[in-house]
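[1] predicted structure and sequence below. I'll ask about it afterward.
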Amino acid sequence: MAAPRPTGAAPRAAAARVLDAVLHRGRSLKAELSTALPALPDARDRALAEAICFAALRGLARYDAALAAWLAKPLGRRDADLRALLIVGFAQLDPMRLPAHAAVAATVEAARALGRHHQAGLVNALLRRALRDGLPEGDARIAWPAWLRTRIEADWGEDADAVFVESAREPPLWLRVNPRQVTRDAYRARLAEAGIDAEIDDMLPDALRLPESIAVAALPGFADGAVSVQDAAAQRVADAFALTSGARVLDACAAPGGKTAHLLERDASLRMTALDVDARRLDRVRDTLARLQLGADAQLLAADAAAPDAWWDGAPFDAVLIDAPCSATGIVRRQPDVLLHRRESDLAALLALQARLLDALWPTLASGGVLVYTTCSVLAAENAAQVDAFLARTTDAHAEALPETFGRQAGAGRQRLPGERGHDGFFYARLRKR
Ligand code: SAM
C-alpha cells in the first residue's frame with residue numbers, strides 16, 4: 001500500500017493550534033507538540049508541523065511587525081488562532097522557503113479547517129503581500145522580555161546584539177557518536193551512505209555537525225545506540241573533567257541523561273550516580289542508557305540533590321557535575337518559547353536553587369575532587385556571579401582554569417555565547433576541593 005500523501009492543510013492547521021496555545025494560553029511548545037503531532041498520521045506532516053512551529057517562534061518579532069504594518073487594526077483576542085495561522089504562513093515563506101504557491105494555498109485551506117472560512121481571503125491577501133513585499137527584517141531584541149533584555153545588555157555590552165540575533169536563527173544539528181559502538185569516521189561514512197552530509201570539528205572528538213535538522217529515526221543505528229543528538233556546547237562538559245578509571249561520579253541534575261551517557265561512553269568503568277528530582281524525567285535517563293547499552297551498574301536516584309541527607313551514603317564522590325536548572329537563555333534557538341514563558345520571579349527562584357545545590361553538594365565531594373558547574377544560561381547572575389559568590393563563601397574551594405576553547409573568560413569560569421562556533425550558549429566552571 002502506498003504511503004498516504006501529506007495533506008497540506010492538516011500540518012498547517014496543527015501548527016496554528018499549537019502556536020495559539022503557546023502564544024496565547026501560556027502552554028509549553030514541547031508539551032503542545034507532544035499531543036498535537038501524534039494526531040497527524042503522516043510522518044512528513046509531523047515533521048513539517050514541528051519545523052513550522054519552531055521557525056514561527058524564532059521569527060515572531062518579524063511576523064508581528066508585518067501584521068502591525070499591514071493590518072488596519074490589530075487582531076483582537078477572538079482572532080488569536082488567526083494570528084497564529086498567519087505566523088505559520090509567514091514562517092513557511094521566510095525562512096523556510098517552502099514552494100510559495102503550495103504553502104499559501106495550504107495555509108488558506110487551513111484557515112477553513114480552523115473554522116475561519118470568512119477570513120480565508122484575508123490570509124491569502126496577507127501571505128501574497130509577504131511574497132510581494134518581503135517580510136520586514138525586524139529587531140531580534142523585541143522578542144525578549146524587557147527584564148531579560150536589560151540583563152543581557154548589561155552583561156554582554158556590544159555582544160548582546162549577537163545573543164539576540166543568534167537566538168532567532170535555526171541551530172545546526174549536532175550528533176554525539178558512541179565510541180563504544182562505532183568510530184566517528186565510520187559513523188560519518190554510514191551517514192554518507194544514507195545521503196547525509198556531516199562535518200567534523202577538531203575540538204569535539206565525538207561530534208558530527210549536520211547543516212540541517214533531520215528526524216532521529218532517520219539516523220542510522222540510532223535505536224541501537226550508535227549515536228545521540230546533543231549540542232556541541234553540552235558535549236564540551238565531558239571535557240571539563242579529567243576522570244580516572246573507576247572514579248565515583250555524581251551527576252546531580254542528570255535528566256534526560258545526555259551528560260551521564262557521554263561520560264559513560266568515554267569510560268564505562270565510572271561508578272556513576274545519576275540523580276534528578278523529577279522521577280519521570282529520570283526514566284528518560286534509564287531509557288537513554290538502555291538504548292546506548294551503557295550504565296547497567298549506574299545508580300539512578302529520584303531525589304532532591306540539595307538535600308543529600310536523604311540519599312547520600314556518605315562515601316565521597318571523586319567528581320560531581322551540577323548541570324544546574326537555569327533560565328535556558330543560552331538555548332532560545334532550540335526552545336524559542338522560553339522567551340514567552342520565563343518570568344523575572346523564576347530567575348530569583350533559580351538563583352536560590354543553584355546556590356543551594358552548590359552548597360549542599362560540596363560536602364559530598366572528596367578532598368582533591370572536582371565539581372563542574374554548568375548552565376545553558378547567558379546570564380552572569382546564574383554563572384560568573386553565582387560561582388564567584390560560592391568561592392567567596394567556601395574556603396576549601398578554588399577555581400581551575402579552563403582552556404579558551406570553552407569560550408570567553410567569565411569570572412572564574414568560561415562562557416560560550418549562542419551561535420559561537422555553532423554552539424549553544426553555555427557556562428562552565430571547574431572547582432577543585434583542597
Ligand atoms: N544534565 C542533563 C542532561 O545533560 O541531559 C540536563 C539537566 S537540566 C539542565 C536540569 C535538571 O535539573 C532537570 O532535569 C531538573 O529536573 C533537575 N533538577 C531541578 N532541581 C533539582 C534538584 N533540586 N535536585 C536534582 N535535580 C534537580
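    Ah, there it is. Numbers count the residues shown, from 1 in each chain.

[2] the closest residue to the ligand within the stretch 101-250 of the chain is in what secondary structure piece?
    For the stretch 101-250 of the chain, the residue closest to the ligand is A234, as judged by CB to the nearest ligand atom, at 5.9 Å. All C-beta spots, glycine's among them, are computed from the backbone N, C-alpha and C. Take DSSP states H and E as the rule and A234 turns out to sit in helix 232-235.

[3] buried ones in that helix?
    232-235 (16 or more other CB atoms under 10 Å).

[4] what pairs with the strand ranked longest in the chain, and is each one parallel or antiparallel?
    Longest strand in the chain, counting residues (DSSP state E): strand 365-375. Sheet pairing of strand 365-375 (DSSP bridges) gives strand 317-323 (parallel), strand 426-433 (antiparallel).

[5] wait, which of those is closest to the ligand?
    Using CB to the nearest ligand atom, the nearest of these to the ligand is strand 317-323, at 3.5 Å.

[6] what stretches of this protein score poorly on pLDDT?
    Within the chain, the segments meeting pLDDT under 70 span 1-7.

[7] tell me the contacts of V165?
    Residues in contact with V165 (CB atoms under 8 Å, 6 or more residues apart in numbering) are 140, 419.

[8] tell me which element it falls in.
    helix 160-167.

[9] quick one: P95 and A240, what's the gap?
    34 Å (CB to CB, to the nearest Å).

[10] next one: D139
    In terms of CB to CB, D139 sits 36 Å off from A240.

[11] which of those two has more residues huddled nearby?
    In this view D139 and A240 are compared by other CB atoms under 10 Å, and A240 has more residues nearby, 21 against 13.

[12] next up, the contacts around the closest residue to H24 other than its chain neighbours.
    Nearest residue to H24 in three dimensions, chain neighbours excluded: A80, at 4.4 Å (CB to CB, 6 or more residues apart in numbering). Shown in contact with A80 (CB under 8 Å, 6+ apart): 20, 23-24.

[13] adding distance to L67, write these out as CSV.
    Output for the contacts of A80, formatted as CSV (distance: CB to CB, whole Å):
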residue, distance to L67
D20, 15
L23, 12
H24, 14
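
[14] give me the buried subset of the residues you listed.
    Buried among the contacts of A80 (16+ other CB under 10 Å): 20, 23.

[15] which member of the contacts of A80 is positioned nearest the ligand?
    Looking across the contacts of A80 and measuring by CB to the nearest ligand atom, the closest to the ligand is L23, at 24.7 Å.

[16] burial measure for the closest residue to that closest one other than its chain neighbours, as a count.
    Leaving aside its sequence neighbours, L23 sits nearest to A84 (CB to CB, 6+ apart; 6.1 Å). Look at A84: counted by other CB under 10 Å, it has 25 neighbours.

[17] chain neighbours aside, what residue packs nearest to G8?
    A106 (3.8 Å).

[18] that neighbour touches A9, doesn't it?
    Yes. Contact criterion CB atoms under 8 Å: A106 and A9 qualify, at 5.3 Å.

[19] which one's more surrounded, these two?
    Between A106 and A9, A106 has the larger neighbour count (other CB under 10 Å), namely 24 against 18.

[20] wait, what's in contact with that one?
    Counted by CB under 8 Å, 6+ apart, A106 has contacts 8-9, 12.
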